[in-house]
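S.K.: Just the structure for this:
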Amino acid sequence: MTASPATPPAFDYDAIVIGAGLSGMYQLYRLRELGMRVRVFEAGTNVGGTWYWNRYPGARFDSESYSYGYSFSRELLEEWEWSEHFAGQPETLRYCNYVADKFDLRRDIQFRSRVYAATYEEETRSWKTTLEDGSRFQSRFLITAIGPLSTPTLPRIEGRESFRGKSFHTARWPHQPVDFAGKRVAVIGTGATGVQTIQTIAAEVGRLTVFQRTPNWCAPLHNGKIDAEMQSKIKAGYAEIFRRCQETFACFIHTPDPRGAFEVSDEEREAFYEKLYGERGFGIWQGNFRDILVDRQANATISDFVARKIRERVKDPKVAEKLIPKNHGFGTRRLPLETFYYEVYNRDNVELVDITETPIERITPDGIKTGAREYEFDIIIYATGFDAITGSFDKIDFCGVNGACLNDQWKRGPQTYLGLMVDGFPNMMMLMGPHTALGNIPRSIEYSVDWVTGLIRFARDNGLTRLDATSAGVESWTDHVKALGVGLLSNEVNSWMTGINSNVEGKQTRIVARYSGSAPAYRARCDEVAANGYQELALE
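M.R.: Below you'll find the predicted structure:
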């Protein structure tokens, strides 16, 4: 370590945070505790991040509500009451606003302020952040809270702009209600957002046509209202709930069963699957046998089980077969949880179109033309997902030491230190960036924010003005993340979790874009770095 400059330059802020979602709000709260001058820049008109942008019908989270909210304030836990086991978007957005009001966060948040570029200036050891309107702000620290799933992608289909009806991407849904009554509606995409939208609007629309490229394995959500008795149990049990989340593999209240799929009899295995299929939430994915995501034969047992369930629930055998994935096993892609999704296809007003059989040729002024026929629609919904994990970074021009461009540095896949820093980009920290533990996101958010806050506190207490990862540290962590992915069936599948997006140029090659080890192991490694005085970093 070397001494910091005797006279620090005058900056607009001590720290700038990009994004006012769950990460950015909590980071603001923690940095204020350090007495820092902080500014959060948010592109939207209000707080909420994911829950601000994703207003599509049926949007809700699939972590249990009481395991999802912030844990840092006992008072907040006592005051807020979730109405459902899995809260919908309107309630979750109200929660975000409640938090912002309770802790008076908005006075340090600038809305309608999209960040265009951020440049590190070595001479002052600071970041210059430029907004789309051209205004610039200087800060010692820059913290990204831009989310792994926040940059929507539209399909590369000719004629999209020619459609005369209404069209929406699920992640850019209008703030006003959309009238579906009697309308002819198309939904393109059957990932998690597509599933939630389809099951929600099917009974309201005049006719619904679902265009599916890749079917996904789905399992029942089994949502329900939280009554007064359950509310009391939840509030009395918060300490245990969050302790459980700290212990489990991915911060859910579910964690893998220690047994292998073939360590029990066929009858026991079937009964176990039935039990999981009938329970709330991610248990069937996160609480299943320990080997279903690494052993093909073990995975085949749960895939066959869920395929049988789909055939039982969908009356038309041909439609059922189209809804059963053939190119990946159960749980090897992100698992959508559903509420009578499969029963939608038993309705007379719903049609499923397999676009691998009859590809979409173009969007027309009146609808959609496939290789088989032309469809007329009043509304087209694009449930076509996100440029995941690195996409939100690609949208901002991050320039580090000597003008190095982050986009160039990550062209062959992200390279990070603990998923929190990148060498050559001093004083920049990432919340929920590539190679960090994801899982039940708010649990991971709180840990990442606390770690970043601890580092900044350390810098302040020791007069440090330049915090950088080392190339050796980045190489070591990136190699570790890649090694953790070896043997995972999910890394053999094209999905956003492996960096594939057919609608984004240059993202057709699989990469290891996420940390796939356990959350406790991730935290232990990060804790070790902090306990050793951050000696693995280059500090000045």
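S.K.: quick one, longest strand in this protein?
M.R.: strand 136-144 (DSSP state E).
S.K.: For that strand, what does the pLDDT average out to?
M.R.: When pLDDT is averaged along strand 136-144, the result is 97.
S.K.: strand partners of it, parallel vs antiparallel please.
M.R.: The strands beside strand 136-144 in its sheet (DSSP bridges) come out as strand 13-18 (parallel), strand 126-131 (antiparallel), strand 428-430 (parallel).
S.K.: As TSV, those strands with mean pLDDT, mean neighbour count and distance to residue 468 would be great.
M.R.: In short, each C-beta sits where N, CA and C put it, glycine included. Converted to TSV, those look like this (pLDDT from 0 to 100; neighbours: other C-beta atoms under 10 Å; distance: least, C-beta to C-beta, whole Å):
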stretch	mean pLDDT	mean neighbour count	distance to residue 468
strand 13-18	98	24	16
strand 126-131	98	22	13
strand 428-430	98	25	9
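S.K.: Minimum distance to residue 309: which of those strands has it?
M.R.: strand 428-430 (39.4 Å; C-beta to C-beta).
S.K.: Quick check: the gap between residue 454 and residue 300.
M.R.: Here the criterion is C-beta to C-beta, to the nearest Å. By it, residue 454 lies 45 Å from residue 300.
S.K.: again, but for residue 126
M.R.: Residue 126 is 55 Å from residue 300, by C-beta to C-beta.
S.K.: go on, residue 161?
M.R.: Distance from residue 161 to residue 300, by C-beta to C-beta: 44 Å.
S.K.: The two - which one has more neighbours?
M.R.: residue 300 (15 against 7; other C-beta atoms under 10 Å).
S.K.: pLDDT averaged over the helix or strand containing the more buried one, what's the number?
M.R.: Using DSSP states H and E, residue 300 sits within helix 296-313. In this model, helix 296-313 has an average pLDDT of 98.
S.K.: Buried residues in the helix or strand that the longest strand of the chain is followed by, which are they?
M.R.: Downstream of strand 136-144, the first helix or strand assigned by DSSP H and E is strand 166-169. By 16 or more other C-beta atoms under 10 Å, the buried positions in strand 166-169 come out as 167, 168, 169.
S.K.: the helices in the stretch 1-150 of the chain, which residues?
M.R.: 22-33, 50-53, 65-68, 74-79, 89-102 (DSSP state H, counting those that start in this stretch).
S.K.: Reformat these as a markdown table; add distance to residue 113 and mean pLDDT.
M.R.: Converted to a markdown table, the helices of the stretch 1-150 of the chain look like this (distance: least, C-beta to C-beta, whole Å; pLDDT from 0 to 100):
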| stretch | distance to residue 113 | mean pLDDT |
| --- | --- | --- |
| helix 22-33 | 12 | 98 |
| helix 50-53 | 14 | 95 |
| helix 65-68 | 27 | 97 |
| helix 74-79 | 27 | 97 |
| helix 89-102 | 16 | 98 |
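S.K.: Other residues contacting the helix holding residue 300?
M.R.: 217, 219, 260-262, 269-270, 273, 277, 284, 288-289, 291-293, 317, 320, 323-325, 329-332, 342-343, 489 (C-beta atoms under 8 Å, 6 or more residues apart in numbering).
S.K.: Repeat the analysis, applying 7 Å as the threshold.
M.R.: Counting by C-beta atoms under 7 Å, 6 or more residues apart in numbering, helix 296-313 makes contact with 217, 219, 260-262, 269, 273, 277, 288-289, 291-293, 320, 323-324, 329-330, 342-343, 489, all of which sit outside it.
S.K.: Which of those are buried? Put it as a PyMOL command.
M.R.: The buried residues among these can be selected in PyMOL (16+ other C-beta under 10 Å) with this line:
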select buried, resi 217+219+261+269+273+277+288+289+291+292+293+320+323+324+329+330+342+489
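S.K.: Which ones among the contacts of helix 296-313 lie within helices?
M.R.: 269, 273, 277, 320, 323 (DSSP state H).
S.K.: What is the nearest of those to residue 14?
M.R.: residue 277 (50.9 Å).
S.K.: do you know how far the closest residue to the closest one other than its chain neighbours is from residue 221?
M.R.: Sequence neighbours aside, residue 284 is the residue nearest to residue 277 in space, at 5.9 Å (criterion: C-beta to C-beta, 6 or more residues apart in numbering). Counting by C-beta to C-beta, the gap from residue 284 to residue 221 is 11 Å.
S.K.: Who has more neighbours out of those two?
M.R.: Using other C-beta under 10 Å, the more surrounded residue of residue 284 and residue 221 is residue 284, with 26 against 21.
S.K.: same for the helix or strand hosting that one, what does it pack against?
M.R.: In this assignment (DSSP H and E), residue 284 forms part of helix 283-286. Judged by 3 or more C-beta pairs under 7 Å, 6 or more residues apart in numbering; DSSP states H and E, the packing partners of helix 283-286 are helix 266-277.
S.K.: What's the first helix or strand after the helix or strand of the chain with the lowest mean pLDDT?
M.R.: Ranking every helix and strand in the chain by mean pLDDT, DSSP states H and E puts helix 391-394 at the bottom, with a mean of 84. Downstream of helix 391-394, the next assigned helix or strand under DSSP H and E is strand 397-399.
S.K.: Quick one: mean pLDDT for that following strand?
M.R.: 97.
S.K.: Now tell me what touches that strand from outside.
M.R.: Against strand 397-399 from outside (C-beta under 7 Å, 6+ apart): 116, 117, 118, 119, 120, 405, 406, 425.
S.K.: Quick check: of these, which lies closest to residue 142?
M.R.: residue 118 (5.7 Å).
S.K.: and the residue nearest to the closest one when sequence neighbours are not counted, what does it touch?
M.R.: Nearest residue to residue 118 in three dimensions, chain neighbours excluded: residue 129, at 4.9 Å (C-beta to C-beta, 6+ apart). Residue 129 is in contact with 16, 115, 118, 136, 137, 139, 142, counting by C-beta under 7 Å, 6+ apart.
S.K.: try residue 515
M.R.: By C-beta under 7 Å, 6+ apart, the contact list for residue 515 reads 419, 435, 436, 437, 481, 484, 522.
S.K.: now do 10 Å
M.R.: By C-beta atoms under 10 Å, 6 or more residues apart in numbering, the contact set of residue 515 is 416, 418-419, 434-439, 444, 477, 480-481, 484-485, 521-522.
S.K.: Please point out which parts of stretch 354-371 sit buried.
M.R.: 354, 355, 360, 361, 363, 364, 366, 367, 368, 369, 370.
S.K.: Tell me who's in contact with residue 166.
M.R.: Counted by C-beta under 10 Å, 6+ apart, residue 166 has contacts 174, 178, 179, 183, 185, 377, 378, 379, 380, 381.
S.K.: Let me know the closest of the contacts of strand 397-399 to residue 79.
M.R.: Distances from residue 79 to the contacts of strand 397-399, taken by C-beta to C-beta, are shortest for residue 118, at 36.2 Å.
S.K.: Pull the number of nearby residues for the closest one.
M.R.: Residue 118: 23 neighbours (other C-beta under 10 Å).
S.K.: looking at it, it is touching residue 395, isn't it?
M.R.: No - using C-beta atoms under 10 Å, residue 118 is not in contact with residue 395, being 11.6 Å away.
S.K.: for stretch 408-427, how far is the first residue from the last?
M.R.: 19 Å (C-alpha to C-alpha, to the nearest Å).
S.K.: Same check on stretch 75-83?
M.R.: End residues of stretch 75-83 are separated by 18 Å (C-alpha to C-alpha).
S.K.: again, but for stretch 399-414
M.R.: 15 Å.
S.K.: cool, stretch 35-44 as well?
M.R.: End-to-end distance (C-alpha to C-alpha), stretch 35-44: 26 Å.
S.K.: With stretch 277-290 instead?
M.R.: Start-to-end, stretch 277-290 (C-alpha to C-alpha) is 17 Å.
S.K.: same thing with stretch 412-429?
M.R.: 21 Å.
S.K.: Next: stretch 344-360.
M.R.: 22 Å.
S.K.: going forward, begin numbering at 635 instead of 1
M.R.: All set: I'll call the first residue 635, so the last point we hit is now stretch 978-994.
S.K.: pLDDT wise, what is residue 785 at?
M.R.: 76.
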